[in-house]
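Peer 1: Mind folding the following:
(one chain, ligands or ions: 2)
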Amino acid sequence: MKKSILDTLEKSIQVKTEFINHHAGAVEKCAVHMAETFKNGGKLLLFGNGGSAADAQHIAAEFINRFQMERPPLPALALTTDTSVITSIGNDYSFEDIFHKQVQALGCPHDMALGITTSGSSPNVIKAVKTAKKQGLTVIGFSGNRGELKELADFPFCVPSTVTARIQETHILLAHILCDLTEQLLFNHPQCP
Ligand SMILES: O=C(CO)[C@@H](O)[C@H](O)[C@H](O)[C@H](O)COP(=O)(O)O
Ligand SMILES: [Zn+2]
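Peer 2: Ligands and ions are numbered 1, 2, ... in the order given. Below you'll find the model as predicted:
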């Protein structure tokens with residue numbers, strides 16, 4: 001049992017390390033774009049399924065409330081929370097449309113969209129990402145190393161794994177790093193180098 005726990009820990013660290021080694025520069029660029037977006041009055045729309053829906057909500061809360069410092073709220077909205085909207089779209093149209101229609105309604109050209117899918121191919125995430133691009137939003141894609149999302153996103157972050165749990169663990173690390181950098185860039189965090 002202990003071996004299995006340690007193997008999982010080791011694998012998680014390995015995937016995160018490999019991911020950061022490959023993507024550190026892109027993470028920094030993405031944070032700069034995000035800070036500019038908020039500075040210019042844009043917002044961040046987030047969406048995903050299952051654990052990634054929880055991640056979308058978790059990340060939105062970091063921006064709206066705060067991450068590590070006292071500062072004004074930043075506009076971020078998870079498209080996974082309004083059961084009336086989601087059930088009406090799912091019921092009248094299809095599950096594939098639940099994020100796409102919300103992006104159509106709420107997305108503006110200077111906003112950013114963050115689509116999260118560990119398979120890289122959930123149809124409702126892919127459709128909403130295509131809509132976001134069509135409407136002029138900048139798209140961040142959180143995925144694993146498979147699927148279409150990495151080809152579509154302006155900032156593709158593909159975790160080098162095919163295991164959903166390992167991918168999700170890296171996504172939340174990445175999200176926390178992006179929140180931290182964005183706060184530093186916008187509000188001159190005391191720890192800013
Ligand atoms: O959290 C987990 C598994 O760790 C699940 O809830 C998982 O998120 C769901 O099966 C999702 O539907 C998977 O979708 P996706 O990541 O491939 O877009
Ligand atoms: Zn999970």
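Peer 1: so which strand or helix has the residue nearest to the spatial centre of the chain?
Peer 2: The structure's the chain has its C-alpha centroid closest to Leu114; by CA atoms, centre = their mean the separation is 4.1 Å. Using DSSP states H and E, the element containing Leu114 is strand 112-116.
Peer 1: Ile177 too?
Peer 2: Secondary structure assigned from DSSP H and E places Ile177 in helix 164-187.
Peer 1: Could you tell me the model confidence score at Met112?
Peer 2: In this model, Met112 is scored at 98, pLDDT.
Peer 1: so who does it touch?
Peer 2: 33-34, 37, 42-45, 137-140 (CB atoms under 8 Å, 6 or more residues apart in numbering). C-beta here means a position set from N, CA and C on the backbone, and glycine is covered the same way.
Peer 1: swap in Leu77?
Peer 2: 43-46, 60, 106.
Peer 1: List phi and psi for it.
Peer 2: Reported as degrees, to the nearest 10, the phi and psi values for Leu77 are phi -140, psi 120.
Peer 1: do you know how far it is from ligand 2?
Peer 2: Spatial separation of Leu77 from ligand 2 under the definition CB to the ion, to the nearest Å is 22 Å.
Peer 1: same question, Thr17
Peer 2: 20 Å.
Peer 1: what are the C-alpha coordinates of the strand holding Leu114, in PDB please?
Peer 2: Written as PDB, here are the backbone C-alpha positions of strand 112-116 (Å, rounded to 0.1, in the frame of the first residue of the first chain):
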ATOM      1  CA  MET A 112     -10.100  35.400 -22.400                       C
ATOM      2  CA  ALA A 113     -11.500  31.800 -22.300                       C
ATOM      3  CA  LEU A 114     -10.000  28.900 -20.400                       C
ATOM      4  CA  GLY A 115     -11.100  25.500 -21.600                       C
ATOM      5  CA  ILE A 116     -10.100  22.500 -19.500                       C
END
